[in-house]
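**Student:** fold the following, please.
(one chain, ligands or ions: 1)
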Amino acid sequence: MTALAIIGGTGLTQLDMLAISNREIVHTPYGEPSGPLTHGILNGRKIMFLPRHGYGHTIPPHKVNYRANMWALKEAGAVCIFAVAAVGGIREDMDAGRIVVPDQIIDYTWSRVNTYFEEGLQQVTHVDFTYPYSKTLRETLIKAAYAAKVNIVDGGTYGATQGPRLETAAEIDRLERDGCDIVGMTGMPEAALARELQLNYATCAVVANRAAGRGEGEITMKDIEVQLGEGMSKVAAVLEQLVKLI
Ligand code: HPA
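**Tutor:** Numbers count the residues shown, from 1 in each chain. You can find the predicted model right below:
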């Protein structure tokens, strides 16, 4: 059976509908993951869950040990990884509450450890990353959304920024000129590390706010939290269908 893992983002530090069987502490050669892995049953299917920012939501995007997280999931037997992520909406129709399954990424992060291929190499390694997300997993997510009667945007370019501050309006203008539709702080190096470990990986992004300069007034954490609360209940419905389709 395909081992399925869900990575929760901001707004999803626990899966309420998961019947938890046990927690597993995994140590990795790259340090500690964001927390123990939670194993359990979701809609009749065994899955594991890891909240990217820790169970108490205390690890900011630039401090997440992405290498340890992905390594721990692989070590525990994960083959398919669904990452949930909160994002800002850049494109006009990317308004708060929308769910997007991106198909491309542009990486604007810096100084994050972003590869497993850097020490003790027998030879220099470059992985193909033309299509950063798994086609099959993206299609499954879209089918699951259809089954859950949740509107979803199929495709879009995710601009990964460094954070933890939000962007300036000019930075968002630049991202838009580059072709980004949504902006978030955790998409990279997570997706690239998944590819290096040959894990199938797709993202379900929830628009929490209009990106800087695209909405009215200041972007507040409170507004983000309110929007995410609604968005995450849609994601939960999608995940419940998803586990049946894998
Ligand atoms: N920018 C970057 N990351 C985000 C945003 C944003 O506007 N909203 C939620 N995560």
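
**Student:** can you tell me the centre-most residue of the chain?
**Tutor:** For the chain, the residue nearest the mean C-alpha position is residue 83 (3.4 Å; Cα atoms, centre = their mean).

**Student:** residues contacting that one?
**Tutor:** By Cβ atoms under 8 Å, 6 or more residues apart in numbering, the contact list for residue 83 reads 6, 7, 9, 52, 186, 187, 190, 191, 201, 202, 203, 204. For glycine as for every other residue, the C-beta is placed from the backbone atoms N, C-alpha and C.

**Student:** in this structure the first one contacts residue 51, no?
**Tutor:** No: in this structure, residue 6 sits apart from residue 51 without contact. The criterion is Cβ atoms under 8 Å, and the distance is 9.5 Å.

**Student:** just to revisit the earlier point, next secondary structure after the host helix or strand of the residue nearest to the centre of the chain?
**Tutor:** If you go by DSSP states H and E, residue 83 is part of strand 80-89. Sequence order places strand 99-101 as the next helix or strand after strand 80-89, per DSSP H and E.

**Student:** quick one: check the helix or strand just after that next one for contact with the ligand.
**Tutor:** The element immediately downstream of strand 99-101 (helix or strand, assigned by DSSP H and E) is strand 104-107. No: legend: contact between strand 104-107 and the ligand by Cβ under 6 Å from any ligand atom is lacking; minimum distance shown is 13.1 Å.

**Student:** for residue 16, which non-adjacent residue is closest in space?
**Tutor:** Spatial nearest neighbour of residue 16, excluding adjacent residues (Cβ to Cβ, 6 or more residues apart in numbering): residue 236 at 7.1 Å.

**Student:** mind listing what that neighbour touches?
**Tutor:** Contact analysis of residue 236 by Cβ under 8 Å, 6+ apart lists 15, 16, 17.

**Student:** let me have these in TSV, extended by secondary structure, neighbour count and distance to residue 26.
**Tutor:** Listed next are the contacts of residue 236 as TSV, based on DSSP: H, G, I helix; E, B strand; the rest coil; neighbours: other Cβ atoms under 10 Å; distance: Cβ to Cβ, whole Å:
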residue	secondary structure	neighbour count	distance to residue 26
15	coil	22	18
16	coil	8	23
17	coil	14	24
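
**Student:** from the residues you listed, which is closest to the ligand?
**Tutor:** Closest approach between the contacts of residue 236 and the ligand, by Cβ to the nearest ligand atom: residue 15, at 19.8 Å.

**Student:** and the residue of the protein nearest the ligand?
**Tutor:** Closest point on the chain to the ligand, by Cβ to the nearest ligand atom, is residue 88, at 2.3 Å.

**Student:** now for that residue, how many residues are close by?
**Tutor:** Neighbour count for residue 88, taken as other Cβ atoms under 10 Å: 28.

**Student:** now do residue 167
**Tutor:** 23.

**Student:** for it, report the pLDDT, please.
**Tutor:** Note on residue 167: pLDDT of 98.

**Student:** how about the helices of the chain, start to end?
**Tutor:** For the chain, the helices defined by DSSP state H cover 66-75, 135-147, 169-178, 187-196, 221-245.

**Student:** just how off-centre is the last one within its chain?
**Tutor:** By that I understand helix 221-245. The chain centre lies 12 Å from the centre of helix 221-245; the measure is Cα atoms, centre = their mean, to the nearest Å.

**Student:** between that helix and helix 135-147, how big is the angle?
**Tutor:** Orientation of helix 221-245 against helix 135-147 (axes from the mean of the first three to the mean of the last three Cα atoms, to 10 degrees) gives an angle of 100 degrees.
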